[in-house]
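Undergrad: Please find the sequence and the predicted model below.
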Amino acid sequence: MTAVSNRSAEADAAPRGPAQPQPGRRAAAHFRTDDVAAADDFLRRTYWDYEARPLGTVEAFRFHHAARSAGPCAMVELEHNAAYEHVTEASGEPMLVSVRRGRVERTTRAGTERFTAGDVFLLAQPGEGYSLRWDELQAVAIPVRPHDAPSAAGTSVDAAGQVVRFGRLATHCPGQRDMLRRTFGFIDKVVLDPDSAQSSELVLGSAARLVQALVADVFGAPGDGFETREQAAGDQGTFRRARDYIEANADRDIILADIAAAAFASPRAVQLSFRRHLDTTPMAYLRRVRLERAHVELGASSPADGTTVTQVAAHWGFASMGRFAQDYRELYGVRPSDTLWGG
């Protein structure tokens, strides 16, 4: 590539891998340069090795990488204004990409697809190679940690619970694309906002599973079902153990797999037991328990301790104040603020 200046790069942090903070802790990695070699070196050190080839010239090269993370949630914003080809033999962690500006051509074993502003796609199958060509790219990406994704939603998983293959790598359904873009906005504006009061460990865990569930729903392989040998499950012992575990651990970031392990049953058996005994799901029951705990905490608060409804909602894993207020009113017939400070 010609006509590219060679000034030094500027970086707040240049880690050798995406930041992995402890639950609730935040981390950021920002890198900006007008040097092509420095940009390539940063990407190789931060993600995985690849071959790169310029596809033209650029008069004023710009590269900006901004990564934010909190607990299991992360988001990467990338600007690369050159026409470029990027080839890797083996991808790392699956990445969900939303194109904000420019054109992208992605080639995998399944073929070549082209994307423009507004499109959302998965970078590649886990562990497989791919090539990207882009021009004036501005995009945002969310890493997908598939080991917590629900296998029943459609993805193929191995014995360790790792996703082996997605059913597809892109969606051309306007409704699905809009849903995915709104999820990007939620992660950006609510979950990873450094000024947000709603990023408790429970909120972060729920947000990460929201991404995983959406990816499994939109990109999962169709046709996978539940095991028929479990359809008669739902005995009292399974239900009791699962219920007791939920009630004892409602303040922790637990998922269906944790509940099933505590009940000595499969996730499907636990789901069937809750449907049989309470006509609900385990996760809906967990939400109800957290709502009840929030009710108790609101009533026990006082003006002296400065407790707010937002703080209590976030403490019990409710990221949306509107949804929290709606559910609370449906259950208790009053607003959360009416209960605050013993009201």
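TA: Ah, there it is.

Undergrad: Would you map the helices across the stretch 201-343 of the chain?
TA: 201-219, 236-248, 256-262, 267-278, 282-300, 309-315, 321-332, 336-339 (DSSP state H, counting those that start in this stretch).

Undergrad: if you average pLDDT over each of these, which comes out lowest?
TA: Across those, helix 201-219 has the smallest mean pLDDT, namely a mean of 82.

Undergrad: State the next helix or strand along the chain beyond whatever helix or strand residue 76 lives in.
TA: Using DSSP states H and E, residue 76 maps to strand 73-80. Once strand 73-80 ends, the next helix or strand along the chain (criterion: DSSP H and E) is strand 84-88.

Undergrad: Could you tell me the angle between the next helix or strand after that following strand and helix 201-219?
TA: Going down the chain from strand 84-88, the next helix or strand is strand 95-108, by DSSP H and E. Orientation of strand 95-108 against helix 201-219 (axes from the mean of the first three to the mean of the last three Cα atoms, to 10 degrees) gives an angle of 30 degrees.

Undergrad: Give the partner strands of strand 95-108 in its sheet and their orientations.
TA: strand 111-115 (antiparallel), strand 120-122 (antiparallel), strand 130-143 (antiparallel) (DSSP bridges).

Undergrad: do you know how far residue 70 is from residue 53?
TA: Computed with Cβ to Cβ, to the nearest Å, the distance linking residue 70 and residue 53 is 36 Å. For glycine as for every other residue, the C-beta is placed from the backbone atoms N, C-alpha and C.

Undergrad: Looking at those two, which one has more neighbours?
TA: Per other Cβ atoms under 10 Å, whichever of residue 70 and residue 53 has more neighbours is residue 70, with 28 against 11.

Undergrad: Relative to residue 175, how far out is the more buried one?
TA: For residue 70, the distance to residue 175 - Cβ to Cβ - is 29 Å.

Undergrad: Then residue 331?
TA: 31 Å.

Undergrad: neighbour-wise, which of the two wins?
TA: Legend: neighbour count by other Cβ under 10 Å for residue 331 and residue 175, higher for residue 331 (12 against 8).

Undergrad: how near is the more buried one to residue 290?
TA: Taken as Cβ to Cβ, the span from residue 331 to residue 290 is 11 Å.

Undergrad: Could you do residue 237 as well?
TA: 24 Å.

Undergrad: Comparing the two, which residue is more hemmed in?
TA: residue 290 (21 against 11).

Undergrad: Show the contacting residues for the nearest residue to the more buried one once chain neighbours are set aside.
TA: Excluding the flanking residues, the one nearest residue 290 by Cβ to Cβ, 6 or more residues apart in numbering is residue 316, at 4.2 Å. Residue 316 is in contact with 202, 250-251, 290-291, 293-294, 297, counting by Cβ atoms under 8 Å, 6 or more residues apart in numbering.

Undergrad: switch to 10 Å and redo it
TA: By Cβ atoms under 10 Å, 6 or more residues apart in numbering, residue 316 lies in contact with 200, 202-203, 250-251, 287, 289-295, 297, 324.

Undergrad: Over to residue 64?
TA: Per Cβ under 10 Å, 6+ apart, neighbours of residue 64: 10, 30-34, 39, 77-81, 138.

Undergrad: Output those residues as JSON lines; include the columns distance to residue 275 and neighbour count.
TA: Shown next, in JSON lines, are these (distance: Cβ to Cβ, whole Å; neighbours: other Cβ atoms under 10 Å):
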{"residue": "10", "distance to residue 275": "56", "neighbour count": "12"}
{"residue": "30", "distance to residue 275": "48", "neighbour count": "15"}
{"residue": "31", "distance to residue 275": "49", "neighbour count": "21"}
{"residue": "32", "distance to residue 275": "53", "neighbour count": "17"}
{"residue": "33", "distance to residue 275": "55", "neighbour count": "23"}
{"residue": "34", "distance to residue 275": "59", "neighbour count": "20"}
{"residue": "39", "distance to residue 275": "53", "neighbour count": "23"}
{"residue": "77", "distance to residue 275": "42", "neighbour count": "16"}
{"residue": "78", "distance to residue 275": "44", "neighbour count": "18"}
{"residue": "79", "distance to residue 275": "48", "neighbour count": "17"}
{"residue": "80", "distance to residue 275": "49", "neighbour count": "23"}
{"residue": "81", "distance to residue 275": "53", "neighbour count": "20"}
{"residue": "138", "distance to residue 275": "46", "neighbour count": "17"}
